[in-house]
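S.K.: coordinates only, no sequence provided:
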DNA sequence: CACGGTTATCTCGTTCGGAGATAGCGGCTG
DNA sequence: CAGCCGCTATCTCCGAACGAGATAACCGTG
């Protein structure tokens, strides 16, 4: 059982056909077939059920599939570890919630890239679930997400602590309560980590009905809040600029619903290559200076 | 980078020479050399420093080595997972402290093997450190050890809780304190998990000097205690037979030093093949019936 | 029934890896 | 210093394995 065998197996399983797999692997169908048959012969089990539309995994094949990816990851990490001579270099794929990226990360990443030009930092913004999934499938090295995260294959540490506050237009009726039945809340697209929290806050405030306005960017949200279209809930640091400009009014939430921790999650056991280790060392002073402890 | 390349690499690194590796791999030296050179060419780094006595790993080679083992493990687990059709079968390699094996495991293993004759259960007795090391290097599937265990790559659950008690000869001067300066303690060979605990108990009791007698088996220890050669500290259940026979007198310790947890440790992320999963299900009722909760 | 799409099988040519012999290097020893 | 021994590097030969292409067989669909 060689790695190339597992690669073809994985491609066939993913694409559902030997022809398609052959195209992706830059070879011809007959070779894919024979490789798979050889693998089946070696393992003594059928891995695919063949039919006229392609193939589908048998139960044994389904059990093998995760190991095919795992083996590929191991080899990829091996290659990286060999080339990693202790001086940070290569790619560093990070993920982040948009709020964290906007307010916390730029100075850290700027300082890091300045000190380590050999590292190609790649920052991808996404929602909590997507980011965590990408870390798990090795598509990201680490991600800044909204805690808590509890997954056996991940380890997380708190790097920032934020205070969630309500924001509404400075030109609205400030005597009325910000949250009432029929309030219109402005949030990011589905999957936003703060959205669930917002719903919980609404529930705690006794709001049973509310309208929702969704936007893809923070700027759009804040712009709409200014314009009085509704109320939003975001980390205070995201909103201070708008508050200083006199456009929005902030209202502290209090209670434990207001505290939100930003975690850096990464795969457990990934000892960490130089670039990631070094990046962490840039991150910790920021977090400490911010008064945030690091939890193991 | 194929798996066979990593296997030859691992053999060369472990044996310190291409000739020796060739002998182990049932091939000739020239092939080993060329495989290694091809690997070095592919990775763009020297993996070995050659000299007239053999080869030694470069730093890059040392970084690669752990991944070679890891890749081999992944493939071995893949093969097992494919052949594992949900009905427990194959080998199940367990490790245990001698005390646990003697008193707790026999009924569980007996019931398990009776119900699952297709599983070849293999029980190896050893000390805490050795067992944990063997679990880490995949030489054991799981091990019963003395807690607590805190290792990022292991997960543990409490399966038994024992009470440590002092035991001394029933024919000794029972009015004198069992633990005093100059006491002779009888323990297992170095590495015994209870020994450190015993030393702590002695310290807490204010004993500054004591003699040590080491034996390899529990029977020898208990025999010597009977004979009045010294005092030992073991789980109560190991000693009840001797107490009932009237040969030894047990003395509860009290305090948190007396409580000892037996953990089942296994590698994290190893989803667990059928045999191990099934064995766990045999274990849990025993632990529960014993009044011991299972901690995740 | 013909057609498009699929997998299985066969053959041919190339390539890759294993076996063996030899050369070259370095240290050790008499 | 010369000879020896153990090691790695390199070369050549050969067989097995792999990739490419063509063809057959199968199935569902229009």
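M.R.: Here it is on my side, so go on. Everything quoted here is computed from the prediction, not taken from an experiment. Numbering: from 1, shown residues only, chains lettered A, B, ... in the order given.
S.K.: how about the longest helix along chain A, does it reach chain B?
M.R.: Longest helix of chain A, by residue count under DSSP state H: helix A:59-83. Yes: judged by C-beta under 8 Å from any C-beta of the partner chain, helix A:59-83 and chain B are in contact via A:59-61, A:63-64, A:67-68, A:70-71, A:74-75, A:77-79, A:81-83. Using the backbone N, CA and C atoms, a C-beta is placed for each residue, glycine as well.
S.K.: per-residue confidence for residue A:252?
M.R.: Here the pLDDT value assigned to residue A:252 is 91.
S.K.: drop anything exposed from the residues of helix A:59-83 next to chain B.
M.R.: Buried members of the residues of helix A:59-83 next to chain B, scored by 16 or more other C-beta atoms under 10 Å in any protein chain shown, are A:60-61, A:63-64, A:67-68, A:70-71, A:74-75, A:77-79, A:81-83.
S.K.: most widely separated two among these?
M.R.: Farthest apart among these by C-beta to C-beta are A:60 and A:83. That separation is 35.8 Å.
S.K.: does any part of the helix or strand hosting residue A:133 sit near chain B?
M.R.: Here residue A:133, judged by DSSP states H and E, is contained in helix A:128-136. No: for a cut-off given as C-beta under 8 Å from any C-beta, helix A:128-136 has no contacts with chain B; the smallest distance is 11.3 Å.
S.K.: what is that helix packed up against?
M.R.: Here helix A:128-136 touches strand A:90-96, strand A:142-146, strand A:154-169, strand A:259-267, going by 3 or more C-beta pairs under 8 Å, 6 or more residues apart in numbering or on different chains; DSSP states H and E.
S.K.: how about it: buried residues?
M.R.: Residues of helix A:128-136 classed as buried: A:128, A:130-132, A:134-135 (neighbour count, 16+ other C-beta under 10 Å).
S.K.: could you do stretch A:249-260 as well?
M.R.: The neighbour-count check on stretch A:249-260 (16+ other C-beta under 10 Å) flags A:249-251, A:253, A:257-258, A:260 as buried.
S.K.: cool, and stretch A:222-241?
M.R.: Neighbour-count burial for stretch A:222-241 flags A:222, A:224-226, A:229-239 (criterion: 16+ other C-beta under 10 Å).
S.K.: can you give me the first-to-last residue distance of it?
M.R.: 10 Å (C-alpha to C-alpha, to the nearest Å).
S.K.: and for stretch A:10-30?
M.R.: Using C-alpha to C-alpha, the end-to-end distance of stretch A:10-30 comes to 17 Å.
S.K.: so which residues make contact with that stretch?
M.R.: A:7-8, A:31-33, A:36, A:48, A:53-57, A:61, A:65, A:68-69, A:72 (C-beta atoms under 8 Å, 6 or more residues apart in numbering or on different chains).
S.K.: so for that stretch, what's the average pLDDT?
M.R.: For stretch A:10-30, mean pLDDT rounds to 94.
S.K.: quick one: buried residues of it?
M.R.: Judged by neighbour count using 16+ other C-beta under 10 Å, the buried positions of stretch A:10-30 are A:10-13, A:15, A:17-22, A:25.
S.K.: most widely separated two among these?
M.R.: The most widely separated members of the buried residues of stretch A:10-30, counting by C-beta to C-beta, are A:10 and A:19 (15.8 Å).
S.K.: wait, residue A:60 touches residue B:82, no?
M.R.: Yes: assessed by C-beta atoms under 8 Å, residue A:60 is found in contact with residue B:82 at 5.1 Å.
S.K.: any common contacting residues for those two?
M.R.: Common neighbours of residue A:60 and residue B:82 (C-beta under 8 Å, 6+ apart) are A:43, A:45, A:47.
S.K.: most neighbours among the residues you listed, which one?
M.R.: Highest neighbour count within the shared contacts of residue A:60 and residue B:82, by other C-beta atoms under 10 Å in any protein chain shown: residue A:47, with 23 neighbours.
S.K.: can you give me the strands in chain A?
M.R.: In chain A, the strands defined using DSSP state E lie at A:48-51, A:54-57, A:90-96, A:119-125, A:142-146, A:154-169, A:183-188, A:210-215, A:232-235, A:248-252, A:259-267.
S.K.: which of the residues in the last one are buried?
M.R.: When neighbours are counted by 16+ other C-beta under 10 Å, the buried residues of strand A:259-267 are found to be A:260-267.
S.K.: can you give me the pLDDT of residue A:155?
M.R.: 88.
S.K.: in the lowest-mean-pLDDT helix or strand in chain A, which residues are buried?
M.R.: Using mean pLDDT, DSSP states H and E, helix A:274-289 stands out as the lowest-scoring helix or strand of chain A, at a mean of 81. By 16+ other C-beta under 10 Å, the buried positions in helix A:274-289 come out as A:274-276, A:278-280, A:282-283, A:286-287.
S.K.: chain center to that helix, what's the gap?
M.R.: On the basis of C-alpha atoms, centre = their mean, to the nearest Å, helix A:274-289 sits 19 Å off its chain's mean C-alpha point.
S.K.: is that helix anywhere near chain B?
M.R.: No: if you take C-beta under 8 Å from any C-beta as the test, helix A:274-289 misses chain B, and the best it gets is 10.6 Å.
S.K.: and that helix, what does it pack onto?
M.R.: strand A:90-96, helix A:106-115, strand A:119-125, strand A:154-169, strand A:259-267.
S.K.: residue B:180 is nearest to which of those?
M.R.: Evaluated over the helices and strands packed on helix A:274-289, closeness to residue B:180 peaks at strand A:154-169, with 47.4 Å, by C-beta to C-beta.
S.K.: tell me the strands beside that closest one, with direction?
M.R.: Using DSSP bridges, strand A:154-169 pairs in its sheet with strand A:232-235 (antiparallel), strand A:248-252 (antiparallel), strand A:259-267 (antiparallel).
S.K.: the ones you listed into TSV, with extra columns for distance to residue A:205?
M.R.: Listed next are the strands paired with strand A:154-169 as TSV, based on distance: least, C-beta to C-beta, whole Å:
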stretch	distance to residue A:205
strand A:232-235	11
strand A:248-252	11
strand A:259-267	17
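S.K.: show me the one of these that comes nearest DNA strand D.
M.R.: strand A:259-267 (30.5 Å; C-beta to the nearest atom of the strand).
S.K.: ok, back up a step: nearest to DNA strand D among the buried residues of helix A:128-136?
M.R.: Using C-beta to the nearest atom of the strand, residue A:134 is the member of the buried residues of helix A:128-136 that lies nearest DNA strand D, at 30.1 Å.
S.K.: sorry, back to before: buried among the contacts of stretch A:10-30? Make that a PyMOL selection.
M.R.: PyMOL command restricting the contacts of stretch A:10-30 to the buried ones, with burial defined by 16+ other C-beta under 10 Å:
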select buried, chain A and resi 7+8+32+33+36+48+54+55+57+61+65+68+69+72
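S.K.: walk me through the domains of chain A.
M.R.: A:3-79, A:90-159+A:263-289, A:162-259 (automatic domain parsing).
S.K.: closest approach to DNA strand D from the stretch 51-200 of chain A, which residue is it?
M.R.: Nearest to DNA strand D, among the residues of the stretch 51-200 of chain A, is residue A:52, at 3.5 Å (C-beta to the nearest atom of the strand).
S.K.: so how many other residues sit close to that residue?
M.R.: Residues lying near residue A:52 (other C-beta under 10 Å) number 4.
S.K.: which bits of chain A sit near DNA strand C?
M.R.: Chain A comes close to DNA strand C at residues A:17-20, A:29-30, A:33-34, A:36-37, A:50, A:52-55, as judged by C-beta under 7 Å from any atom of the strand.
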